[in-house]
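1. what follows is a predicted structure for the sequence shown.
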Amino acid sequence: MKNHFYAMMSRMKNIYRWGLMRNTRNENLSEHSLEVAMVAHALAVIKNKRLNGNVDANRIATAALFHDTSEIITGDMPTPIKYYNSDIKKAYKQIEKVSEERLIGMLPEDMRDEFYSLYNPNEEEKRIIKAADKISALIKCIEELSTGNREFAVAEKTIRQAITDLKLPEADIFMEEFMESFSLSLDEQNSL
């Protein structure tokens, strides 16, 4: 039997984010997912090393890689629409779940349980992935603002506050220790 899961995953590069906003550089879903996975891994390591946590950083990073793959089927729904009201948010969550199940169904049967687990992280893992997702969005805003694109000014403030509102100590540590570097040039980063 032919399985289409990985061919579908390769389509992540065709899904562009931030569709309602003028971008100086387009960001696709593949780029975003990699960044979220790296940040989620960092948050998990910070939690374990500094906050006496006990989470599987590699599992969290892998789940983060797949966190938005439903968008291969749905496309990227702009945040102002997705969260306009509770009815739309609930309906979109159902659409995401159906899309995830469709993707999992493209795997050989003996692999599906592993991926079902990745698409359904526990609450602690979800909080870390959500924080990483917001941090990735903030990085995008910082990059756009550094090119003079004021289109992302309000989003930057809103997302920064949303990260604070998560009250996730590992995210606060990441923000304190790593975020400033995203505003620096390559030469500035190399000189530190």
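-> Okay, I see it.
2. touching, residue 118 and residue 61? I think so.
-> No: contact criterion CB atoms under 8 Å: residue 118 and residue 61 do not qualify, at 10.5 Å. All C-beta spots, glycine's among them, are computed from the backbone N, C-alpha and C.
3. those two - which one has more neighbours?
-> Taking neighbours as other CB atoms under 10 Å, residue 118 and residue 61 compare with residue 61 leading, 23 against 19.
4. pull the number of nearby residues for the closest residue to that one other than its chain neighbours.
-> In space, and not counting its chain neighbours, residue 61 is closest to residue 41: 3.9 Å by CB to CB, 6 or more residues apart in numbering. The tally of other residues near residue 41 (other CB under 10 Å) stands at 19.
5. so residue 41 sits against residue 63, correct?
-> No: contact criterion CB under 8 Å: residue 41 and residue 63 do not qualify, at 10.5 Å.
6. which one's the longest helix in the protein?
-> Scanning the chain for the helix with the most residues, using DSSP state H, yields helix 123-146.
7. show me the helices in this protein, by range?
-> Counting by DSSP H, the helices of the chain are 5-9, 29-50, 57-65, 71-74, 79-82, 86-104, 112-119, 123-146, 153-165, 169-178, 186-191.
8. lowest mean pLDDT across those, which one is that?
-> Across those, helix 79-82 has the smallest mean pLDDT, namely a mean of 73.
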